[in-house]
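Engineer: Quick one, structure for this:
(one chain, ligands or ions: 3)
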Amino acid sequence: MDTIFALASAQGKAGVAVIRLSGPQAHEAAAVLAGPGLKGRGMHLRTLRAPDGERLDEGLVLTFQAPASFTGEDVAELQIHGSTAAVNAVLRCLSELDGVRMAEPGEFTRRALENGKMDLAQVEGLADLIDAETEAQRRQAQAVLAGELGQLAERWRKDLIRAASLLEAVIDFADEEVPTDVTPEVRSLVSGVMADLEREVAGVRIAERIRTGFEVAIVGPPNAGKSTLLNALAGREAAITSEYAGTTRDVIEVRMDLAGLPVTLLDTAGLRETSDHVEGLGIALARQRAESADLRVFLAETVDGLGIAFQDGDIHVLPKADLRDEAGNAISGQTGAGIDRLISQISCVLTERTTTSGIATRERHRQAMKKALTALGEGLGVLESGPDMYDIAAEELRTAIRALESLVGRIDVENLLDEIFASFCLGK
Ligand SMILES: Nc1nc2c(ncn2[C@@H]2O[C@H](COP(=O)(O)OP(=O)(O)OP(=O)(O)O)[C@@H](O)[C@H]2O)c(=O)[nH]1
Ligand SMILES: [K+]
Ligand SMILES: [Mg+2]
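Structural biologist: Ligands and ions are numbered 1, 2, ... in the order given. Prediction:
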């Protein structure tokens, strides 16, 4: 097994940079630079020197001993000054050592997975945590990283194994008198798991939104002040505004943290009948993106007649509050009137939806759970046909168990690993 190293902190100037080494020679390699006496677990303030004796930097050397480390291997971390030149000098010295090489993206985490320090879902949670920009994303990633999906899957697995073994017991005693009818217990175990799975499957869509962001489209007639509103919400001039009706044509996207939720705001073309070909294309695109968004903010006198359905949870506000006698439900991107109220309305609607999210967060999870659900449904079905069919029912349960095992990477995951680790940055 190679010993690998990489800069674990971000590139560029910083107070401190962390270079991580993992593998059988991690302590030895660190000692080449930092001097001997780094055995076991500990922290040492050392001067780091090149093999020719030249001083590279001073820093802290942390050592962890297998298996008590992030990767499960011997690990050393060099905390040095966050200087590009100092970091490069240390990396260069390490790369010249025999049996030591630069890590590939995600390779530290991959070793942690291989050494049983994390399950596959936790690896996904870690990737999500590193990408997390908002509170909702952080909380969701932490739940997965803490192993909650693995614990849930383990509970389901136990219940299904018990159900399958009840059936198998009956099969084994096929020629004898079976003391009790096992079907009530099997049915209750399987239905319990199915109810959990159905809830989790339904929650994945929202969990994915928390991961990738909710889309909120601003729609209305031309010159309602949609682009001005977008700019006010974004806090910058993201879209062109002008007194000419039909200014916006492409969909303008602005990503923002809206009260802790990741939101992509869409500014769209003003909706009206037009003979201008290009404006017409913009309007068609506006309708299409608005329909598929999670939420629409109608900035218009009325929500009718715009050619976009007003859906459950959508928000209607009146344009140009400053030009009205009665501000009421009106808003103004220009004066800022009503903006805070709009933000809290949007976040209320979206936050309410996040309560249905479960612990599973990805399409991969959804597919595995769907597969298990289908098999369990089949299993329950054939159970009704009596003991002759118990072996088929048990086989369906085993199919479901295997599908659930893939959630945490017990089986069938080799082909997934490259895909998952490709999204990792170097040094993770
Ligand atoms: N008085 C007043 N004028 C506004 C307000 N918001 C925008 N305007 C003006 O209204 C005109 C249109 O604003 P835009 O933000 O370009 O409107 P839009 O809805 O994006 O227009 P299109 O992209 O053409 O559909 C501009 O001259 C703005 O300065 C407002 O709240 N009050
Ligand atoms: K305009
Ligand atoms: Mg506009």
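Engineer: Which strands and helices lie in contact with the lengthiest helix in the chain?
Structural biologist: In the chain, ranked by residue count with DSSP state H as the criterion, the top helix is helix 183-212. Counting by 3 or more CB pairs under 8 Å, 6 or more residues apart in numbering; DSSP states H and E, the packing neighbours recorded for helix 183-212 are helix 135-145, helix 148-172, strand 261-267, helix 339-354, helix 363-383, helix 390-408. Just so you know, the C-beta spots here come from the backbone N, C-alpha and C atoms, and that holds for glycine as well.
Engineer: That one: how far from the chain's middle?
Structural biologist: Centroid displacement of helix 183-212 relative to its chain, using CA atoms, centre = their mean, to the nearest Å, is 19 Å.
Engineer: In three-state terms, label the residue of the stretch 251-400 of the chain found nearest ligand 2 for me.
Structural biologist: Distances between the stretch 251-400 of the chain and ligand 2 by CB to the ion are smallest at residue 270, namely 6.7 Å. For residue 270, the secondary-structure state derived from DSSP: H, G, I helix; E, B strand; the rest coil is coil.
Engineer: residues touching it, list them.
Structural biologist: Under the criterion of CB atoms under 8 Å, 6 or more residues apart in numbering, the contact partners of residue 270 comprise 220, 221, 222, 223, 224, 226, 245, 246, 247, 248, 283.
Engineer: give me the low-pLDDT residue ranges for the stretch 151-300 of the chain?
Structural biologist: In the predicted model, the stretch 151-300 of the chain carries pLDDT under 70 at residues 174-179.
Engineer: what does it have sitting close to ligand 1?
Structural biologist: If contact is defined as CB under 6 Å from any ligand atom, the residues of the stretch 151-300 of the chain in contact with ligand 1 are 222-228, 241-243, 245-248, 269-270.
Engineer: how about a cut-off of 5 Å?
Structural biologist: Among all residues of the stretch 151-300 of the chain, those adjacent to ligand 1 (criterion: CB under 5 Å from any ligand atom) are 222-228, 241, 243, 246-248, 270.
Engineer: Among those residues, which pair sits farthest apart?
Structural biologist: Greatest spatial distance in those: 228 and 246, 14.9 Å, computed using CB to CB.
Engineer: neighbour-wise, which of the two wins?
Structural biologist: residue 228 (21 against 17; other CB atoms under 10 Å).
Engineer: does that one sit in a helix or strand, and which one?
Structural biologist: When elements are defined using DSSP states H and E, residue 228 is found to belong to helix 226-234.
Engineer: Mind giving me the packing neighbours of that helix?
Structural biologist: Using 3+ CB pairs under 8 Å, 6+ apart as the contact criterion, the elements in contact with helix 226-234 are strand 214-219, strand 252-258, strand 261-267, strand 295-299, helix 339-354.
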